[in-house]
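>>> Just the structure for this:
(one chain, ligands or ions: 2)
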Amino acid sequence: MLRRLSHYHRGTAAAARLSAAFRCVSTGSLTITEPLNFWAGQRKPGQKGHKEHVYEPATGRILCHLEPCGAAEVNQAVEAAKKAFINWSKLSGMERGRVMIEAAHLIEGKREEIAEMEVVNNGKSITEARLDVDSARLCIEYYAGLASTLAGQHVQLPGGSFAYTCREPLGVCAGIGAWNYPFQIAAWKSAPALACGNSMVFKPSPVTPVTAAMLAEIYAKAGAPEGLFNVVQGGQETGSLLCQHPDVAKVSFTGSVPTGRKVLKPVTLELGGKSPLLIFKDSDLENAVKGALMANFLSQGQVCSNGTRVFVQRDIFPEFVSEVVKRTQAIEIGDPLLESTRMGALVSRSHLHKVLGFVEQAKKEGATVLCGGEPFVPSHPKLRGGFYMTPCVLGDCRDEMTCVKEEIFGPVMSVLSFETEEEVLRRANDTTMGLAAGVFTRDVRRAHRVVEQLKAGSCFINNYNITPVEVPFGGFKTSGIGRENGQVTLEYYTQLKTVYVEMGDVENCTLD
Ligand SMILES: NC(=O)c1ccc[n+]([C@@H]2O[C@H](COP(=O)([O-])OP(=O)(O)OC[C@H]3O[C@@H](n4cnc5c(N)ncnc54)[C@H](O)[C@@H]3O)[C@@H](O)[C@H]2O)c1
Ligand SMILES: CCCCC=O
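Ligands and ions are numbered 1, 2, ... in the order given. Okay, the predicted model is just below:
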């Protein structure tokens, strides 16, 4: 997700120009042949005789083949993680943090290489991919710092006795990732898990398997013991084998609501959303328009927290919509590795068709396409097989329409008008999901009053989709369980042990 460039990576523009000049990958030129599974310190093949195509979304060509893991391979990865856990969990937080800081340095040195791989495998623009890599690095740095602060409580009891609690790691944790932020999700899950003394087996989406294996190599190079962070590739079958493995203590899952419902264990569930963005007539219009674009079109609209139901107060509705449409039409679509590109390719052909299907359905239900919503064919011949569409704004929407109720997970914004604060709160909360919500207003009292009543886990006032790793992120209702990032996440990767310490003699009430 987007972060403030100046805050997180000073000199990014200059660095970007420099790295663009030395870019070793160009769209349509890369083929990956090395195995994408990784455990016990090495890349490994998957099940013999099984291969799946992995595509480059910008061109539609085959990028590599994924060898999915079956029961035997998942077992080997979990065994490796169990071995690593024995020593890793006994290190001090400072010692664990040192390895993680080294991993963060390595990521910084490979920023451009990782970002390019993400673009080639996911289709998002290089500008966004760099920020995802930064977020991954910052997350690892942040939890490296927190590793040494893990502590329990000391409880004084009568007679000099006391009790204490301490936080202990859980064991082997499983991480399951979605395809929209492949490297970032792998870091957001592994950083708190490893900082707390756990080991991890991570399964990326089969659509975007490439960069998780790079992260595994980085941890290994940083000095992590063999088996600390492992990657098993595959889809539903591999995911299910991993989640149900008896030696897996916890699952942290990022993906859709229907899949999340199938995963049972102590879990962190980071699921989908259909988040509302409320724009009041006293908003700074320029900021509100920019906010709506941030809330809908980052990562080709493939962001879980997107504010796709944009409620605009009636007095400013025409002006707001005309400005949003104008700016949406100006979004530069094309080769995601070009610096000028603001919107790259959707992740796969089938997903593109699904998103376009939602636009067709919206039209049938009475919505008006104010712009976009069409397949897009870039002029360069090598991009003609890519999975592009024009970002879409839908007008004449009603709350009961499919486009307003269901997660589309593509660049499609629905605009709706409202009259009063009470009305818009009722309509905004009328959903089974509750990942995020946003409000634009200049009235600070209204902002807090509205946010207090919004039933969503991550709320934004006068901005949208800003996710510093120091603050918790996650959803209410069916959008999830638990949080990622921030201090609170340490609680999800540890268990609390209470120890009573007797300093006198045992009083045996049954014998005396
Ligand atoms: N809340 C968040 O933080 C967050 C972040 C990113 C994406 N998302 C959501 O993810 C969805 C898009 O991602 P997707 O299409 O990859 O989701 P998905 O649910 O189809 O797949 C997610 C992962 O689960 C695996 N999987 C599938 N069946 C499984 C099973 N039975 N057991 C275990 N694992 C299984 C998949 O292989 C993949 O790795 C959207 O709904 C989006 O909103 C949420
Ligand atoms: C890892 C960031 C996920 C944001 C939602 O799609």
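
>>> Give me the distance between whichever residue of the stretch 251-400 of the chain sits closest to ligand 2 and ligand 1.
In the stretch 251-400 of the chain, the residue found nearest to ligand 2 is Cys304; the distance is 3.2 Å by C-beta to the nearest ligand atom. Using the backbone N, CA and C atoms, a C-beta is placed for each residue, glycine as well. Computed as C-beta to the nearest ligand atom, to the nearest Å, the Cys304 to ligand 1 distance reads 3 Å.

>>> That residue: how many residues sit nearby?
Using other C-beta atoms under 10 Å, Cys304 has 28 other residues around it.

>>> Settle this for me: it is touching Glu270, isn't it.
Yes: Cys304 lies in contact with Glu270 (C-beta atoms under 8 Å); the separation is 7.0 Å.

>>> which neighbours do the two share?
Thr254 (C-beta atoms under 8 Å, 6 or more residues apart in numbering).

>>> Quick check: closest non-adjacent residue to Asn37.
Spatially, and ignoring its direct neighbours in sequence, Asn37 is nearest to Lys44 (4.5 Å; C-beta to C-beta, 6 or more residues apart in numbering).

>>> let me redo that: Pro35
Closest residue in space to Pro35, ignoring its immediate chain neighbours: Arg43 at 4.5 Å, by C-beta to C-beta, 6+ apart.

>>> Quick check: the one you found is in a strand.
Yes: judged by DSSP: H, G, I helix; E, B strand; the rest coil, Arg43 forms part of a strand.

>>> Which pLDDT value goes with it?
Note on Arg43: pLDDT of 97.

>>> quick check: longest helix of this structure.
Counting residues, the longest helix in the chain under DSSP state H turns out to be helix 126-147.

>>> Alongside ligand 1, which residues does the stretch 51-200 of the chain contribute?
176-181 (C-beta under 6 Å from any ligand atom).

>>> residues from the stretch 351-500 of the chain in reach of ligand 1?
Residues of the stretch 351-500 of the chain lying close to ligand 1 (C-beta under 6 Å from any ligand atom) are 407, 409, 435, 475, 480.

>>> hmm, 8 Å instead?
Residues of the stretch 351-500 of the chain lying near ligand 1 by C-beta under 8 Å from any ligand atom: 351, 407, 409, 435, 473-475, 479-480, 484.

>>> Tell me which of the residues you listed fall in helices.
Using DSSP H, those in helices are His351.

>>> wait, doesn't Glu502 sit right on Ser161?
Yes: using C-beta under 8 Å, Glu502 is in contact with Ser161, at 5.3 Å.

>>> In the stretch 401-512 of the chain, where is pLDDT below threshold?
Across the stretch 401-512 of the chain, the ranges flagged by pLDDT under 70 are 511-512.

>>> still on that earlier bit, what separates the residue of the stretch 251-400 of the chain closest to ligand 2 from Val133, distance-wise?
Note on Cys304: its distance to Val133, by C-beta to C-beta, to the nearest Å, is 19 Å.

>>> Kindly report the same for Leu454.
From Leu454 to Val133 the distance is 31 Å (C-beta to C-beta).

>>> Give me the more crowded residue out of the two.
Between Leu454 and Val133, Val133 has the larger neighbour count (other C-beta under 10 Å), namely 25 against 20.

>>> The closest residue to Gly291 other than its chain neighbours - how many residues pack around it?
Nearest in space to Gly291, with sequence neighbours left out and distances taken as C-beta to C-beta, 6+ apart, is Tyr464 at 4.7 Å. Neighbours of Tyr464 under the rule other C-beta under 10 Å: 29.

>>> show me the contacts for Tyr464.
Per C-beta under 8 Å, 6+ apart, neighbours of Tyr464: 277, 291-292, 294-295, 307, 438.

>>> Buried only: go through those residues for me.
Neighbour counting by 16 or more other C-beta atoms under 10 Å classes 277, 291-292, 294-295, 307, 438 among the contacts of Tyr464 as buried.

>>> So what's the predicted local confidence for Arg4?
35.

>>> same check, this time on the one 4 residues further on
In the predicted model, Tyr8 carries a pLDDT score of 28.

>>> Assign a three-state SS to the nearest residue to Asn122 once chain neighbours are set aside, would you?
Among residues not flanking Asn122 along the chain, Thr208 sits closest, at 5.3 Å (C-beta to C-beta, 6+ apart). What three-state DSSP gives for Thr208 is coil.

>>> Please look at Thr208 and Gly123 and confirm they touch.
No: the pair Thr208 and Gly123 does not pass the contact test of C-beta under 8 Å, sitting 9.3 Å apart.

>>> List the residues that contact Tyr142.
Contacts of Tyr142 (C-beta under 8 Å, 6+ apart): 191, 469-470, 485.

>>> Pick the one among the residues you listed closest to Glu365.
Using C-beta to C-beta, Asn485 is the member of the contacts of Tyr142 that sits closest to Glu365, with 37.1 Å.

>>> Number of residues surrounding the closest one?
Other residues near Asn485 come to 22 when the count uses other C-beta under 10 Å.

>>> close enough to count as contact, it and Val471?
Yes: Asn485 lies in contact with Val471 (C-beta under 8 Å); the separation is 6.4 Å.

>>> Setting aside sequence neighbours, what's the nearest residue to the residue in the stretch 51-200 of the chain positioned nearest to ligand 2?
Ranking the residues of the stretch 51-200 of the chain by distance to ligand 2 (C-beta to the nearest ligand atom) places Tyr181 first, at 3.7 Å. Of all residues not flanking Tyr181 in the chain, Asp132 sits nearest, at 5.6 Å (C-beta to C-beta, 6+ apart).

>>> Any idea how far apart the tips of stretch 33-52 sit?
13 Å (C-alpha to C-alpha, to the nearest Å).

>>> May I see the buried residues of that stretch?
35-41, 44, 46-47, 52.

>>> ditto for stretch 251-259
251-255, 257, 259.

>>> How about the contacts made by the closest residue to Glu128 other than its chain neighbours?
If the residues on either side of it in the chain are set aside, Glu128 comes closest to Ser299, at 5.9 Å by C-beta to C-beta, 6+ apart. By C-beta under 8 Å, 6+ apart, Ser299 lies in contact with 1, 124, 128, 180-181.

>>> quick one: Ser299 is in a helix?
Yes: under three-state DSSP, Ser299 falls within a helix.

>>> Can you name the residues in contact with stretch 233-244?
36-37, 46, 52, 66-71, 74, 78, 174, 176, 201, 203-204, 206, 209, 232, 248, 251, 253, 259, 262-265.

>>> Could you tell me which of those residues count as buried?
Buried members of those, scored by 16+ other C-beta under 10 Å, are 36-37, 46, 52, 66-70, 74, 78, 174, 176, 201, 203-204, 206, 209, 232, 248, 251, 253, 259, 263.

>>> can you give me the helices for the stretch 101-250 of the chain?
Ranges of helices in the stretch 101-250 of the chain, per DSSP state H, counting those that start in this stretch, are 111-122, 126-147, 182-195, 210-221, 236-243.

>>> Please work out which of those helices is packed deepest.
Mean neighbour count, computed with mean count of other C-beta atoms under 10 Å, is highest for helix 182-195 among these, reaching a mean of 28.

>>> Packing partners of that one?
helix 93-109, helix 111-122, helix 126-147, strand 172-176, strand 199-203, helix 210-221, strand 248-254, helix 489-492 (3 or more C-beta pairs under 8 Å, 6 or more residues apart in numbering; DSSP states H and E).

>>> Thanks again, I'm all set now.
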